[in-house]
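Trainee: Next one to model:
(chains A, B, C and D)
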There are 2 protein chains.
Amino acid sequence: MADAAEASGPAVEAALLHLRALLARQAAGRDAPATRLPAERDLAAAIGVSRPTLRRALQVLEDEGLIWRHVGRGTFAGPRADRVEVAIPAAALSADPAQVMAARRALEPGLAAAAAGIGLDTAARADLAAIGARTRTAQNWREYEVADTEFHLAVARLAGNPVLLLLAETLHLVRRTATWTRARGNAPAPPQDHHSFAEHDRIVAAIAARDPDAAHAAMTAHLDSVGSRFRVADAPSDGV
Amino acid sequence: MADAAEASGPAVEAALLHLRALLARQAAGRDAPATRLPAERDLAAAIGVSRPTLRRALQVLEDEGLIWRHVGRGTFAGPRADRVEVAIPAAALSADPAQVMAARRALEPGLAAAAAGIGLDTAARADLAAIGARTRTAQNWREYEVADTEFHLAVARLAGNPVLLLLAETLHLVRRTATWTRARGNAPAPPQDHHSFAEHDRIVAAIAARDPDAAHAAMTAHLDSVGSRFRVADAPSDGV
DNA sequence: TATGTAACCAATCCATGATTGGTCAAGCCT
DNA sequence: AGGCTTGACCAATCATGGATTGGTTACATA
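Mentor: Numbering: from 1, shown residues only, chains lettered A, B, ... in the order given. Sure, this is the predicted structure:
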C-alpha cells in the first residue's frame, strides 16, 4: 500500500511532464545555486492543474531528489541546497579553559564510546595511533593542541555519525578560538610527559577492541589528565 | 600629542567612576552571556553627564578592553565579541533519527553530569521539573519533541557552561531540522506512557542531589527509552 | 477513484519604523 | 580658551507586523 506513487492518474502525469521540462530548462543554466521554482499556487495555475495535483507531482520529483522544498521559502531545483548556520555566542567564545575542558569531558567520552561501537580495522588503527603520537612530538603548547585536536576529531570521524562530527568540530573550534584570546600557546612549554601518549594509545586500543565502556573510561582518564595540567598552568593567571 | 586620554577633565573622570562601578556590579552577576549596558542616551541621563562626556569615558573603557561597542546593537561588557558561525554540513542535516539519537546519547549524559556538578536550588528544581512535566501533557509528537527539547536545553543551561550550551543547541537544532524532513510530528501519537515523565523526574532529582553519576545514568536510561520508542515507531512506518 | 476548491496552519520573507553607536556643529559656563 | 552641554543627523541594526509559501485537511465534483 505504500507504493501509491505510480497509481496517480493522468493529471499528475501531465504535471510531471511540464515540471520535468521546466527543470530541464532550468538545469540548462546549470550551477545556479538557488534556482527557485514559482510558488505552488502560481505554478499550478500556469500548468493548468490544481494544487493538490501539482503537489503530488512535486512529491514524486522530491522523492527522486530533483527538487527540494521548505515551508516559507519555496521549492528549489537541485539535490539539496540547504545551508544552515549556528552562531557561536560571545559567551562561548570567551569561555575559560576550564569550561572548554568541562565540555570536552561531557562530550568526548561518549564520542569515544560511539567510535568503539563501530570498531577499527588495522589501517585505521595505525592511522589513529600515528595521529595520537604527534602529541608527544609537539614542541610547544600550540602544536600540542593542534595535534590533540586532530586526534580527537579523528575519533569523532570514526564514529561515522555526521551529527557527532559536527558537535566535535564545533567544540574544537570554540576551543581554538577561546584559546586564541589568551594566546598562551606559543611560549610556555610542551607537555613532555608520557601521559598523553599512553592515554591516546589506550583510547585507540579500546576503540579497536570495540569496547565502548573501555573507550569511555580511557577518554575520561585522558581528559582528566589534560585537565589537571590545564589547572596547574591556569593557577598563576592573575595577570591576564 | 597622541595621549590625550588622561587630559580629559573631571566630568569624564566622574563618569568613569560610575561606569567602573556599574561594570563591577555586572561582573558580580557573572556568566550573563550578553551583558549589555543601557543605551548611551539613557546611561548619560542616569549618570548625570552629557552624551559626549559619557562617550569619552566609554572610549577609555573600550581602550582598556573592558567594553565593546557596535552601531545599532549597543555597548557590551567583556572582551570583544566577534561573530563566528559554524556551517552545518548537509550530511548532518540529512542524518537519520538513529544517528541523532546516538549523538544525544554521547553528549547528554555528560551534560547532565555537568549540571549535577553545579547543583540546583529549590526554585530551579521546580522550574526544571515543570518543564519536564510538559512532555507528559504533549498532545502529539511535535509537542512532545518541543517540550523534550526545552527540557534538555534547560539542563544544558543549568550546567552554566556556554560551550556545553552551544553544543546542546547545535544538537537540538540538527535534531529539529533532521526531523523536519520526515515530518511525522503532527499526526501519529503522543507518547502517553509514563516513562519519560518518571525519567525526567529522576534526572532532575539526580541533578538536585548533586550526583553526577546518577544524573549520567538517569539521562542514559531516558535516552535509551526514547530511542527504543523511536525504533518501534520507525519500523512500521509504511502507512504514513 | 481521481481531481478540484477552499480554507487554515506554521514557517519564512520582507518592508517599515524605532533604536543605537558614531559624528559634527553650535552655544554655554567657568 | 577649554571643558561641557545641547541638539541634530547618519548608518547600521533590531523589532514588528503583514504578506508569502509549503503542508494539511475537509468537502465537493466528475
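
Trainee: going forward, measure contacts and count neighbours with C-alpha atoms only.
Mentor: OK.

Trainee: Quick check, central residue of chain A?
Mentor: Nearest to the mean C-alpha position of chain A, counting by Cα atoms, centre = their mean, stands A:L166 at 2.1 Å.

Trainee: Which residues are in contact with that residue?
Mentor: B:I88, B:P89, B:A92 (Cα atoms under 8 Å, 6 or more residues apart in numbering or on different chains).

Trainee: Closest one to DNA strand D out of those residues, please.
Mentor: Taking Cα to the nearest atom of the strand as the measure, DNA strand D lies nearest B:A92 of these, at 19.2 Å.

Trainee: So for the closest one, what's the pLDDT?
Mentor: Note for B:A92: predicted pLDDT of 76.

Trainee: Which other helices and strands does whichever strand or helix holds it contact?
Mentor: Assigned by DSSP states H and E, B:A92 belongs to helix B:90-93. Using 3 or more Cα pairs under 8 Å, 6 or more residues apart in numbering or on different chains; DSSP states H and E, the elements in contact with helix B:90-93 are helix A:162-182, helix B:162-182.

Trainee: Now that helix: buried residues?
Mentor: Residues B:A92, B:L93 are the ones in helix B:90-93 that count as buried (16 or more other Cα atoms under 10 Å in any protein chain shown).

Trainee: can stretch A:144-163 be found next to chain B?
Mentor: Yes - interface with chain B: stretch A:144-163 contributes A:N161, A:P162, A:V163 (Cα under 8 Å from any Cα of the partner chain).

Trainee: Can you give me the buried ones in that stretch?
Mentor: Applying 16+ other Cα under 10 Å to stretch A:144-163 flags A:144-145, A:147-159, A:161-163 as buried.

Trainee: Strands along chain A, start to end?
Mentor: A:67-70, A:74-77, A:84-88 (DSSP state E).

Trainee: Ranking those strands by mean neighbour count, which comes first?
Mentor: When you average the neighbours per residue for each of those (mean count of other Cα atoms under 10 Å in any protein chain shown), strand A:74-77 leads with a mean of 20.

Trainee: In space, what's closest to A:P212 - neighbours in sequence excluded?
Mentor: A:A113 (4.1 Å; Cα to Cα, 6 or more residues apart in numbering or on different chains).

Trainee: Touching, the one you found and A:I207? I think so.
Mentor: Yes - checked against Cα atoms under 8 Å, the pair A:A113 and A:I207 is within contact range at 7.5 Å.

Trainee: domain assignment for chain A?
Mentor: Per automatic domain parsing, the domain ranges recorded for chain A read A:2-77, A:90-232.

Trainee: hmm, back to that, of all the strands of chain A, which lies closest to B:L120?
Mentor: strand A:84-88 (26.3 Å; Cα to Cα).

Trainee: List the neighbouring strands of the closest one plus their orientation.
Mentor: In the sheet, strand A:84-88 lines up against strand B:84-88 (antiparallel) (DSSP bridges).

Trainee: now the angle from the partner strand to helix B:162-182?
Mentor: 30 degrees (axes from the mean of the first three to the mean of the last three Cα atoms, to 10 degrees).

Trainee: So for strand B:84-88, mean pLDDT?
Mentor: For strand B:84-88, mean pLDDT rounds to 73.

Trainee: which stretches of chain A have low pLDDT?
Mentor: The model of chain A has pLDDT under 70 over residues A:1-7, A:26-34, A:79-84, A:89-90, A:178-194, A:229-240.

Trainee: what about the helices in chain A?
Mentor: Taking DSSP state H as the test, the helices found in chain A are A:10-28, A:40-47, A:51-63, A:90-93, A:97-118, A:122-133, A:141-158, A:162-182, A:195-208, A:212-234.

Trainee: Please identify the deepest-packed of those helices.
Mentor: Mean neighbour counts for these (mean count of other Cα under 10 Å) peak at helix A:97-118, with a mean of 24.

Trainee: Quick check: residues of chain A near DNA strand D?
Mentor: For chain A, the residues found near DNA strand D under the criterion Cα under 7 Å from any atom of the strand are A:37-41, A:52, A:55, A:69-75.

Trainee: again, only this time at 6 Å
Mentor: With Cα under 6 Å from any atom of the strand as the criterion, chain A meets DNA strand D at residues A:P38, A:A39, A:E40, A:R41, A:R69, A:H70, A:V71, A:G72, A:R73, A:G74, A:T75.

Trainee: Could you single out the nearest of those residues to A:Q59?
Mentor: Checking the residues of chain A next to DNA strand D against A:Q59 by Cα to Cα gives A:R69 as the nearest, at 9.5 Å.

Trainee: Quick check: closest non-adjacent residue to the closest one.
Mentor: Counting by Cα to Cα, 6+ apart, the nearest residue to A:R69 once its immediate chain neighbours are dropped is A:T75, at 4.3 Å.

Trainee: ok, now A:P109?
Mentor: A:P109 sits nearest to A:H216 (Cα to Cα, 6+ apart), 4.4 Å away.

Trainee: do you know how far the one you found is from A:P52?
Mentor: Distance, A:H216 to A:P52, by Cα to Cα, to the nearest Å: 51 Å.

Trainee: Compare the domains of chain A and give me the one nearest DNA strand C.
Mentor: Per Cα to the nearest atom of the strand, nearest to DNA strand C of the domains of chain A: domain A:2-77, 3.4 Å.

Trainee: Tell me if the closest one is near DNA strand C.
Mentor: Yes - Domain A:2-77 lies within reach of DNA strand C by Cα under 6 Å from any atom of the strand, at A:7-12, A:49-53, A:71-73.

Trainee: That domain: how far from the chain's middle?
Mentor: With Cα atoms, centre = their mean, to the nearest Å as the basis, domain A:2-77 stands 31 Å off its chain's centre.

Trainee: what do you get for stretch A:215-234?
Mentor: 24 Å.

Trainee: Report how many residues lie close to A:G72.
Mentor: 6 (other Cα atoms under 10 Å in any protein chain shown).

Trainee: any idea how far B:D201 is from it?
Mentor: 37 Å.

Trainee: ok, now A:G9?
Mentor: To B:D201, A:G9 is 53 Å away according to Cα to Cα.

Trainee: With A:A103 instead?
Mentor: From A:A103 to B:D201 the distance is 24 Å (Cα to Cα).

Trainee: what's stretch A:144-160 in contact with?
Mentor: A:108, A:111-112, A:114-118, A:128, A:131-132, A:134-136, A:138, A:164-165, A:168-169, A:172, A:190-191.

Trainee: a markdown table please, covering the residues of domain A:2-77 next to DNA strand C and showing distance to B:A98.
Mentor: Output for the residues of domain A:2-77 next to DNA strand C, formatted as a markdown table (distance: Cα to Cα, whole Å):
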| residue | distance to B:A98 |
| --- | --- |
| A:A7 | 32 |
| A:S8 | 32 |
| A:G9 | 36 |
| A:P10 | 38 |
| A:A11 | 38 |
| A:V12 | 34 |
| A:V49 | 39 |
| A:S50 | 37 |
| A:R51 | 34 |
| A:P52 | 32 |
| A:T53 | 33 |
| A:V71 | 25 |
| A:G72 | 28 |
| A:R73 | 28 |
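
Trainee: Give me the distance between the two termini of stretch A:86-104.
Mentor: Span of stretch A:86-104 from end to end, Cα to Cα: 19 Å.

Trainee: quick one: that stretch to chain centroid distance?
Mentor: Once both centres are worked out by Cα atoms, centre = their mean, stretch A:86-104 turns out to sit 17 Å from its chain's centre.

Trainee: Say whether DNA strand C is contacted by that stretch.
Mentor: No - Stretch A:86-104 stays clear of DNA strand C (Cα under 6 Å from any atom of the strand), getting no nearer than 13.1 Å.
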